[in-house]
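Colleague: Build me a model:
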Amino acid sequence: MSPECLFVLDHYNDYISGELAPEKISRVEDHIKACPNCEIFLGKFTRIHSRTVGLLRAPAPPALRKSISSLLEKV
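Modeller: This is a model prediction of the structure:
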């Protein structure tokens, strides 16, 4: 595994989350253009991340929202 592969592994979460500095984004993107293994890894992780974020953003059921609202009114 090359140093650039290790760099991608160390920074992939921030890259996918959009929290990586621009110069590091360029470094990741330049590397994945040249490394099929990292490109596959990053592609799979991106899909997993997108699905997970989508699940976390699902609306709460009405009964749960009502229950939380009731609790917040008591605070």
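Colleague: Where is the longest helix in the protein?
Modeller: Counting residues, the longest helix found in the chain (DSSP state H) is helix 36-56.
Colleague: and that one, how far from the chain's centre?
Modeller: Here the centre of mass of C-alpha atoms in helix 36-56, compared against the chain's by CA atoms, centre = their mean, to the nearest Å, lies 7 Å away.
Colleague: Based on its surroundings, how many neighbours for residue 28?
Modeller: When neighbours are counted by other CB atoms under 10 Å, residue 28 registers 21. Any C-beta I mention is one placed from the backbone N, CA and C, and that applies to glycine too.
Colleague: Contact partners for it?
Modeller: For residue 28, the set of contacting residues under the criterion of CB atoms under 8 Å, 6 or more residues apart in numbering consists of 7, 8, 11, 12, 15, 20, 42.
Colleague: which one of those residues has the most neighbours?
Modeller: Per-residue neighbour counts (other CB under 10 Å) across the contacts of residue 28 peak at residue 8, which has 22 neighbours.
Colleague: That one and residue 38 touch, don't they?
Modeller: Yes. Using CB atoms under 8 Å as the test, residue 8 is close enough to residue 38 to be in contact (4.8 Å).
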